[in-house]
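> coordinates only, no sequence provided:
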């Protein structure tokens with residue numbers, strides 16, 4: 001087995017939609033982004049026979065931990081507010097599931113969704129591997145009905161002691177500024193995404209804001225995962241956090257323009273938008 005350029009660890013999901021389901025999850029959006037940017041991708045996931053993994057991840061290396069069912073989410077809307085439910089979960093992912101050759105990958109992305117990623121995986125990769133973390137699945141719990149709520153990320157000190165960068169949203173922490181501040185103090189480098197408000201970079205006690213691009217929004221699902229994958233990739237390429245954030249913002253802007261991962265863009269399109277796109281602000285549109 002060859003060593004991929006980019007390894008993503010996390011569950012591929014069945015997202016319930018009218019009339020059926022759509023394949024989703026951080027692993028899906030991150031893998032599609034890395035492939036579009038020219039990287040050889042390895043996916044470590046778990047799922048059941050109800051997921052068309054061979055079709056969705058054609059051309060990528062996929063290691064599947066067998067499960068009787070796949071992780072399944074359903075979103076139900078009441079008066080314009082979303083309530084999320086976990087309907088099923090696949091198997092946990094541990095260090096023992098990670099192929100030896102993958103441990104030398106230049107980039108490893110830990111993207112849990114339902115507490116499935118063993119925090120010890122942060123220590124499973126080579127010292128030279130850039131470890132990126134999107135911790136939303138460690139910040140999520142659910143009750144006996146499957147209704148999703150927010151959890152304290154108990155393994156944050158352990159994971160962030162090794163991680164090179166973290167990407168999360170304020171929604172991931174239930175807009176709890178105290179918890180967010182705690183995780184930011186533990187992280188070497190972090191980007192906090194805020195939907196149409198863009199993202200804020202936190203590094204060595206400084207904050208830098210990046211406006212979102214002014215594009216028509218069709219489906220925001222997965223845009224944060226696209227941002228994260230592009231951010232980790234560009235950070236590895238340049239070593240420059242601000243450059244990585246600008247690049248990730250441009251990549252994420254394409255993701256919202258279509259359903260699912262259908263409009264994830266390649267490098268040439270992202271670079272073009274970097275130099276010619278216009279930005280959104282609270283007071284209107286900011287043009288370059």
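Received it, and whenever you're ready, just let me know what you need. Fair warning: this is a prediction, and the values are worked out from it, not measured in the lab.

> excluding its backbone neighbours, what's nearest residue 56?
Leaving aside its sequence neighbours, residue 56 sits nearest to residue 23 (CB to CB, 6 or more residues apart in numbering; 5.2 Å). In short, each C-beta sits where N, CA and C put it, glycine included.

> what helices or strands is the helix or strand where that neighbour lies leaning on?
For residue 23, the element it lies in under DSSP states H and E is strand 20-24. Applying 3 or more CB pairs under 8 Å, 6 or more residues apart in numbering; DSSP states H and E, we find strand 20-24 packed against strand 13-17.

> just the buried positions in the strand it packs on, please.
Along strand 13-17, these residues count as buried under the neighbour rule (16 or more other CB atoms under 10 Å): 13, 14, 15, 16.

> show me the helices in the stretch 51-200 of the chain, by range?
53-56, 156-160, 177-186 (DSSP state H, counting those that start in this stretch).

> most packed of these?
The highest mean neighbour count among these, using mean count of other CB atoms under 10 Å, belongs to helix 156-160: a mean of 19.

> tell me the gap between stretch 218-234 and the middle of its chain.
Offset of stretch 218-234 from its chain centre (CA atoms, centre = their mean, to the nearest Å): 6 Å.

> likewise for stretch 189-201?
Averaging C-alpha positions (CA atoms, centre = their mean) puts stretch 189-201 13 Å from its chain's average.

> what of stretch 251-261?
13 Å.

> now the end-to-end length of that stretch.
End-to-end distance for stretch 251-261: 12 Å, by CA to CA, to the nearest Å.

> where exactly do the strands run in the stretch 101-250 of the chain?
Ranges of strands within the stretch 101-250 of the chain are 107-110, 130-133, 140-142, 148-150, 165-169, 189-193, 199-203, 206-210, based on DSSP state E, counting those that start in this stretch.

> sheet-wise, list the partners of the fifth one with their directions.
What it means is strand 165-169. strand 130-133 (parallel), strand 189-193 (parallel) (DSSP bridges).

> and these as CSV, adding mean neighbour count, mean pLDDT and distance to residue 105?
Below are these laid out as CSV (neighbours: other CB atoms under 10 Å; pLDDT from 0 to 100; distance: least, CB to CB, whole Å):
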stretch, mean neighbour count, mean pLDDT, distance to residue 105
strand 130-133, 24, 98, 9
strand 189-193, 24, 97, 19
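
> JSON lines for the ones you listed, including distance to residue 102?
Supplementary listing: those in JSON lines, determined by distance: least, CB to CB, whole Å:
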{"stretch": "strand 130-133", "distance to residue 102": "13"}
{"stretch": "strand 189-193", "distance to residue 102": "23"}
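
> of all those strands, which one is nearest residue 97?
Nearest of the strands paired with strand 165-169 to residue 97, taken as CB to CB: strand 130-133 at 16.9 Å.
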